[in-house]
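*Asks:* Mind folding the following:
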Amino acid sequence: QVQLVESGGGLVQAGGSMNLSCVASGSILTLKRMSWYRQGPGKRRELIAISSGIGESFYADSVKGRFTASRGNGTNTVFLQMNSLKDEDTGVYSCKADLPGGGASWGQGTRVTVSS
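*Replies:* Have a look, this model is predicted:
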């Protein structure tokens, strides 16, 4: 079983920066794809960034050029560096890890509030 715990959320002013972390623990060797999702107020959850674990990343158009996903040592940690934050970046940010045997594990989410 794999557990994911996100941290780093909070309140930030528009134009500011914030760095989120997601740490995986449990019965795992090395995770490959880890992703960040966001659910804004009254919105559906959306995929915003993917870290493949082999140096490749994907970003939604809404965050491209402002957000960067990176992996920590051992690849079972993923970070999301968020710059030039906008009001529309407000939401709950959740981490997802694709499991080696199939399926996925999700974190509980961390809330980010951007104030203008």
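*Asks:* Every contact and neighbour count from this point should use C-alpha atoms.
*Replies:* Noted.
*Asks:* In which helix or strand does the nearest residue to Gln81 once chain neighbours are set aside reside?
*Replies:* In space, Gln81 comes closest to Asn19 once its chain neighbours are excluded; the distance is 4.4 Å by C-alpha to C-alpha, 6 or more residues apart in numbering. Using DSSP states H and E, Asn19 sits in strand 18-26.
*Asks:* residues near Tyr37, how many?
*Replies:* The local packing count at Tyr37 equals 18, with neighbours defined by other C-alpha atoms under 10 Å.
*Asks:* i'd like the first residue to be 54 from this point on
*Replies:* Sure thing, new numbering starts at 54, so read that last one as Tyr90.
*Asks:* that older thread, quickly run through the sheet partners of the strand holding Asn72, with directions.
*Replies:* Next to strand 71-79 in the sheet, as set by DSSP bridges, lie strand 55-60 (antiparallel), strand 130-135 (antiparallel).
*Asks:* Adjacent strands (with direction) for the helix or strand following the first one?
*Replies:* Beyond strand 55-60 on the C-terminal side, the first helix or strand identified by DSSP H and E is strand 63-66. Based on DSSP bridges, the pairing partners of strand 63-66 within the sheet are strand 163-168 (parallel).
*Asks:* circling back to that earlier point, as TSV, the strands paired with strand 71-79 with distance to Ala122, mean pLDDT and mean neighbour count would be great.
*Replies:* Converted to TSV, the strands paired with strand 71-79 look like this (distance: least, C-alpha to C-alpha, whole Å; pLDDT from 0 to 100; neighbours: other C-alpha atoms under 10 Å):
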stretch	distance to Ala122	mean pLDDT	mean neighbour count
strand 55-60	14	94	18
strand 130-135	5	96	21
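*Asks:* Output these as JSON lines; include the columns distance to Ala113.
*Replies:* Formatted as JSON lines, the entries for these read as follows, by distance: least, C-alpha to C-alpha, whole Å:
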{"stretch": "strand 55-60", "distance to Ala113": "20"}
{"stretch": "strand 130-135", "distance to Ala113": "13"}
